[in-house]
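> Starting from these lines, generate the structure:
(chains A and B)
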Amino acid sequence: MRVEKCWFCSSNIYPGHGITFVRNDATVFRFCRGKCHKNFKMKRNPRKVKWTKAYRKLAGKELAEDATFEMEKRRNRPEKYNRDLVGKTLKAVSKITEIRQKRQDRYYEKRMQKAKKQQLAADKLQLEKEVHLIKAPAGIRVEKEKLKEPVRQVDANADSMSE
Amino acid sequence: MGGIGTRKVGGDHKHRKTFKRQRRSGFQERHIDQVWEDVRKPPAQVHDGKTGPKGTTAKAELDEDTPGFGKFYCIPCGKYFNSATSLASHEGEKPHKRRVKVLTNPKRPHNQRDAEAAAGMGANDNGPKLRTGTAAGAAEMDE
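Numbering: from 1, shown residues only, chains lettered A, B, ... in the order given. Take a look at the predicted model:
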């Protein structure tokens, strides 16, 4: 049993999921779900479709080259079963994924640091422009207070009329 | 449902298609990675004007289902035309030129290896080479 990678979006394809398409020149295309399959049939280029891993790596949105990426491989030569080896491998796998995740997070933070400055500047500008949504300007506030008094007088008149 | 053009014809209830899709699947376009290779081969190796592009059809004679009997084929676009003049006029058009530009780009189209690399996989590990034909090779096999 193998966990394959989707041809279109590069996500994991677990057993029982997705569609495998075999073209008449015997190339195999595996898709994780109908979304990827339909995009393939539409002849879309994964490198241009924003939500695929191919696009993200190419556009520098995610860590693309790292030593931890060399460790996950399709191994076509079966290893003779060895309990120690299996134990070590499992530990190594969890360690490597931890390191890889940390590196990816660090990459993301670096990328977002530039965005933070832009966000701050945008927020400041918005505050200057739209502060009237939070605080009423002085003129409107005064008018509102003036309005309160006539209403009370009208009520007194209405009472006298109804009587 | 839609208009007349979307009425489904042919096939059993699961595989019914509209007339247009049914005809078109007969002379289906080749995928971009196949075309990328086609463009780099001598034209005779790709299409001989009697059948579809090499490896796509089993028909031996002129194909009456494809436009122009399959004689006038534009390799980069993967399209058939009704006459030599219509093929020639197609070659002067923008979509064709755009397609040629994309295909002459030395970067290969997306493939499974690219998808795996994007997922964070390294190259395939096929193990040490076993058959070297020498005694040393035989010793490796024993291990």
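
> For the rest of this, base every contact and every neighbour count on C-alpha atoms.
Will do.

> which helix is the longest one in chain B?
If you go by DSSP state H, chain B has its longest helix at helix B:94-104.

> so how far is that one from its chain's centroid?
Averaged C-alpha coordinates place helix B:94-104 at 16 Å from its chain's average position (CA atoms, centre = their mean, to the nearest Å).

> cool, and stretch B:44-54?
On the basis of CA atoms, centre = their mean, stretch B:44-54 sits 12 Å off its chain's mean C-alpha point.

> Same check on stretch B:78-93?
Its chain's C-alpha centre and that of stretch B:78-93 lie 19 Å apart, by CA atoms, centre = their mean.

> same check, this time on stretch A:56-74
Per CA atoms, centre = their mean, the displacement of stretch A:56-74 from the mean C-alpha position of its chain is 18 Å.

> Going by neighbour count, list what's buried in that stretch.
Judged by neighbour count using 16 or more other CA atoms under 10 Å in any protein chain shown, the buried positions of stretch A:56-74 are A:56-57, A:62-64, A:68-69, A:71-74.

> again, but for stretch B:84-102
So stretch B:84-102, judged by 16+ other CA under 10 Å, has buried residues B:87, B:90-91, B:100.

> That one and chain A, are they touching?
No: using CA under 8 Å from any CA of the partner chain, stretch B:84-102 stays clear of chain A, coming no nearer than 11.8 Å.

> Kindly check the end-to-end length of that stretch for me.
End-to-end span of stretch B:84-102 (CA to CA, to the nearest Å): 24 Å.

> So for it, mean pLDDT?
Average pLDDT, stretch B:84-102: 94.

> Stretch B:17-35 too?
Mean per-residue pLDDT for stretch B:17-35: 77.

> what's in contact with that stretch?
Stretch B:17-35 is contacted by residues A:43, B:5-11, B:52, B:65-66, B:75-79, B:103, B:108-111 when judged by CA atoms under 8 Å, 6 or more residues apart in numbering or on different chains.

> Out of the residues you listed, list just those in strands.
B:8-9, B:79 (DSSP state E).

> same for chain A: which of those are within range?
Among those, no residue sits close to chain A (CA under 8 Å from any CA).

> still on that earlier bit, mind checking which of the buried residues of stretch A:56-74 land in helices?
A:56-57.

> can you list the buried residues of stretch A:56-74 in CSV and add distance to A:Glu130?
Shown next, in CSV, are the buried residues of stretch A:56-74 (distance: CA to CA, whole Å):
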residue, distance to A:Glu130
A:Arg56, 35
A:Lys57, 38
A:Glu62, 35
A:Leu63, 38
A:Ala64, 41
A:Thr68, 48
A:Phe69, 47
A:Met71, 52
A:Glu72, 51
A:Lys73, 54
A:Arg74, 56
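
> Export the buried residues of stretch A:56-74 to TSV and append columns for pLDDT.
Listed next are those as TSV, based on pLDDT from 0 to 100:
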residue	pLDDT
A:Arg56	96
A:Lys57	95
A:Glu62	93
A:Leu63	93
A:Ala64	90
A:Thr68	90
A:Phe69	91
A:Met71	88
A:Glu72	88
A:Lys73	90
A:Arg74	91
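
> can you give me phi and psi for the residue sitting nearest the centre point of chain B?
In chain B, the C-alpha nearest the mean C-alpha coordinate belongs to B:Arg30, at 2.7 Å (CA atoms, centre = their mean). The phi/psi pair for B:Arg30 (degrees, to the nearest 10) reads phi -80, psi 150.
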